[in-house]
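Undergrad: Got a sequence here, can you model it:
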Amino acid sequence: MTRKKRQQTTQKAKKACNNKHIIGLIFAVFLLVNVFLAGLFFTLNWLNIPDIRNVVHYQPLQTSYILDRKGAVIERIYIENRTVVPLAKIPPLLGKAFISAEDGKFFEHPGLDFFSVLRAAVNNMKSGRRGQGGSTITQQVAKSLLLTPEKTYLRKFKEAVLAWRIDTLLSKEDILYVYLNEIYLGAGAYGVEAASQAYFDKHVWNLSLAEMAVLAGLPQAPSKYSPLKHPERAAVRQKYVLNRMAADGYISAEQARAAYAEKLSFGGKSRRISQRQAGYYTSVVKLRAEEILGEPLTRAAVTIKTYLDTDMQLAAAAALNKGTRAAARRSGGAVPQGGLVSMAACLGKVRALAGGTDYIKSPFNRCTQARRPAGSVFKPLVYASALSDGLNPYSTVSDTPITIPGSRGKVWRPKNSSGTFHGQVTLTEALSHSYNIPAIRLLQKTGIKAVHQLAGKSGISSKLPPDLSLALGAVDVSPLEMTAAYEPYICQGSFVKPRFIESIKRGGKLIYSSSAKPARAISPRVAAEVKYMLKMTVKQGTGKKARGLAGESGGKTGTTNQNRDAWFIGFNRRLLTGVWIGHDQNTSLGRDEGGGSTAAPVWLDYMKRIGAK
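TA: Here you go, the predicted model:
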């Protein structure tokens with residue numbers, strides 16, 4: 001019994017000793033792990049290793065697109081031209097093509113391919129330079145997103161550490177998704193979608209195997225293997241990728257041969273319209289879109305559909321350039337500037353806007369940023385107020401000399417542009433011939449306040465003079481503002497604010513949609529009467545040079561002091577279009593230049609170019 005007790009005691013002692021060893025071992029392992037982690041933490045901080053959240057929460061800069069009314073791209077806005085697409089939309093063979101070309105053991109290694117690194121190091125030592133990097137796809141992601149591009153051994157070490165960390169936190173599929181959307185592939189394109197558009201003018205999901213192999217061959221040297229610059233080199237690299245894919249078992253040898261034999265067409269489709277021609281329009285779109293979004297378009301990654309009609313925009317640019325050059329030839333002076341804005345009648349949809357003769361040379365937008373004296377194109381507002389007071393187009397008004405008291409004992413004796421007077425004339429005659437005296441008398445009758453109120457209802461926000469000079473258009477307005485003010489006359493009295501943007505989408509989701517909001521400015525009766533008078537202006541008045549269109553048309557000319565500004569705002573059954581011509585320096589256009597002789601022909605030319613009927 002005593003012996004048995006001794007054995008039990010010995011066993012307990014051994015068990016206690018073993019437990020102590022186990023506890024000690026656990027403690028030692030715990031201590032070593034903490035020392036390792038502390039050392040790793042210290043090393044990462046000492047080396048200034050970047051935070052990898054940019055990879056884990058991948059939100060790169062993307063391209064924003066501006067589209068015309070039919071959905072064609074007219075401008076891209078970006079810091080880096082990139083459109084992120086989910087891995088599900090990227091053909092599986094494309095990912096495999098990049099893996100075969102760049103990192104055959106991608107699914108096997110822990111972010112680093114030690115054999116490739118060793119091989120590259122040996123080759124670099126043999127050559128005496130750092131020519132090979134041995135970078136895996138994961139390392140390329142780390143380098144692209146987190147590191148600077150300098151070639152040093154320290155940066156290479158950081159790249160390796162980051163690649164290992166990325167591989168532990170992300171799945172291989174997630175790493176491939178980041179890589180295919182991040183990698184620079186030449187031609188200003190980042191990611192496979194932008195590259196597909198740049199090289200083949202198609203979405204990445206529509207690429208053929210041959211096209212995929214071309215893209216997969218680019219990361220090593222995008223410029224060297226560019227199919228746009230060096231098609232022969234690109235073909236050699238393409239063949240290499242196809243052979244690697246066959247060797248890796250992704251495709252058959254027969255598929256590789258067929259893809260290599262496929263005849264490819266390189267080069268993205270050139271846009272029908274250039275920045276020179278559409279820049280004035282898109283500059284307005286960008287400003288308004290950023291107001292809506294509250295962030296810059298370079299970071300918004302949105303698609304903006306506009307109301308721009310490409311054919312109309314091209315016609316506007318051509319007509320404006322032709323008209324300004326013609327004015328310079330007639331006057332013998334410098335070529336003036338101009339603006340043309342055209343809207344869908346009663347909808348406010350701006351179809352074309354040319355804010356100058358050349359956006360590249362002068363991006364100042366004269367349709368929206370310039371404020372020029374309106375001259376006689378303002379007169380319809382005075383007449384509309386008078387008609388609202390009970391007059392009609394056949395009511396008469398005196399076109400006889402008038403003296404208006406001014407300040408400090410001075411008087412104002414306004415005249416007509418011809419210097420002659422015409423006695424009693426109808427309102428239609430007075431407006432169609434743009435007589436000054438009748439407009440002043442009507443303003444005296446209706447009251448300055450009433451015209452101010454009507455101008456506000458018609459979208460004019462510019463400051464208006466508080467005196468009778470208002471009747472002659474002594475008000476600085478933008479061509480867009482002044483043109484839109486004519487909408488009530490052709491829209492049964494309603495005003496619709498000009499609109500450039502139809503919709504904004506992000507990731508296919510609608511985040512903004514425009515809608516017309518008509519507001520009553522004048523009665524339908526007054527609108528119809530002013531419209532009739534404007535039609536008579538083209539038929540028999542100062543707007544004769546705008547004649548030549550079949551069907552209904554009308555408008556009003558305007559010329560300011562010393563022929564510094566020439567205006568014509570006209571309409572047909574579907575469009576409202578305004579034209580302004582003048583020098584930025586506010587000098588004279590020439591003795592014979594004015595609304596009827598300079599601006600009206602530009603309007604007519606534009607309308608004919610778009611096939612107006």
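
Undergrad: neighbours of the closest residue in space to I251 that isn't next to it in sequence, just the number please.
TA: Computed as Cβ to Cβ, 6 or more residues apart in numbering, the closest residue to I251 that is not its neighbour in sequence is M245, at 4.8 Å. (Each C-beta comes from the backbone N, C-alpha and C, glycine too.) M245 has 25 neighbours, counted by other Cβ atoms under 10 Å.

Undergrad: tell me which element M245 is part of?
TA: helix 231-247 (DSSP states H and E).

Undergrad: A210 too?
TA: According to DSSP H and E, A210 maps onto helix 209-216.

Undergrad: packing partners for that helix?
TA: Here helix 209-216 touches helix 92-102, helix 192-200, helix 231-247, helix 253-261, going by 3 or more Cβ pairs under 8 Å, 6 or more residues apart in numbering; DSSP states H and E.

Undergrad: List just the one of those that sits closest to L470.
TA: Closest to L470 of the helices and strands packed on helix 209-216, according to Cβ to Cβ: helix 192-200, at 53.0 Å.

Undergrad: So what touches the closest one?
TA: If you take Cβ atoms under 8 Å, 6 or more residues apart in numbering as the criterion, helix 192-200 is touched by 63, 81-85, 90, 94, 180-181, 183, 185-189, 202-204, 206-207, 211, 214-215, 218, 227-228, 264-268.

Undergrad: now do 6 Å
TA: Residues from elsewhere that reach helix 192-200 (Cβ atoms under 6 Å, 6 or more residues apart in numbering): 81-83, 85, 180, 185, 187, 189, 202, 204, 207, 211, 215, 266, 268.

Undergrad: likewise stretch 229-245?
TA: 97, 100-101, 213-214, 216-217, 225, 227, 251, 256, 259-260.

Undergrad: quick one: which of these is nearest T420?
TA: P227 (72.0 Å).

Undergrad: wait, doesn't that closest one sit right on F266?
TA: Yes: using Cβ atoms under 6 Å, P227 makes contact with F266 at a distance of 4.5 Å.

Undergrad: The residue nearest the centre of the chain in helix, strand or coil?
TA: Residue closest to the average C-alpha location in the chain (Cα atoms, centre = their mean): I66, at 4.2 Å. Recorded secondary structure, I66: strand (DSSP: H, G, I helix; E, B strand; the rest coil).

Undergrad: Residues in a beta bridge with it, which ones?
TA: In this entry, I66 is beta-bridged to E75, I304, by DSSP bridges.

Undergrad: what sits against the closest residue to H422 other than its chain neighbours?
TA: With sequence-adjacent residues excluded and distances taken as Cβ to Cβ, 6+ apart, H422 is closest to D399, at 4.4 Å. By Cβ under 6 Å, 6+ apart, the contact set of D399 is F421, H422, V425, Y435, I437, P438.

Undergrad: quick one: low-confidence ranges for the stretch 201-350 of the chain?
TA: For the stretch 201-350 of the chain, applying pLDDT under 70 flags the ranges 268-271.

Undergrad: The same query, at a cut-off of 90, please.
TA: The stretch 201-350 of the chain contains residues with pLDDT under 90 at 267-274.

Undergrad: Then the chain?
TA: 1-59, 61, 110-135, 141-166, 168, 267-274, 406-410, 507, 550, 612-613.

Undergrad: so R413 makes contact with I402?
TA: No: assessed by Cβ under 6 Å, R413 is found out of contact with I402, at 7.2 Å.

Undergrad: more neighbours, the two?
TA: Per other Cβ under 10 Å, whichever of R413 and I402 has more neighbours is I402, with 18 against 8.

Undergrad: Which of the helices or strands spans that one?
TA: Using DSSP H and E, I402 is not contained in any helix or strand.

Undergrad: Spatially nearest residue to it, not counting backbone neighbours?
TA: Spatial nearest neighbour of I402, chain neighbours left out: I437 (5.7 Å); criterion: Cβ to Cβ, 6+ apart.

Undergrad: Regarding the one you found, which helix or strand does it belong to?
TA: Counting by DSSP H and E, I437 is found in helix 436-446.

Undergrad: List of residues touching that helix?
TA: 379, 382, 385-386, 389, 397, 399, 402, 414, 416, 430, 468, 471-472.

Undergrad: So which of the residues you listed are in strands?
TA: If you go by DSSP state E, the contacts of helix 436-446 have V397, D399 in strands.

Undergrad: Give me the buried entries from the contacts of helix 436-446.
TA: 379, 382, 385-386, 397, 399, 402, 414, 416, 430, 468, 471-472 (16 or more other Cβ atoms under 10 Å).

Undergrad: These into CSV, with extra columns for distance to L510?
TA: Formatted as CSV, the buried ones among the contacts of helix 436-446 follow (distance: Cβ to Cβ, whole Å):
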residue, distance to L510
K379, 43
V382, 43
S385, 41
A386, 45
V397, 53
D399, 56
I402, 57
P414, 54
N416, 54
A430, 50
L468, 50
A471, 47
L472, 47
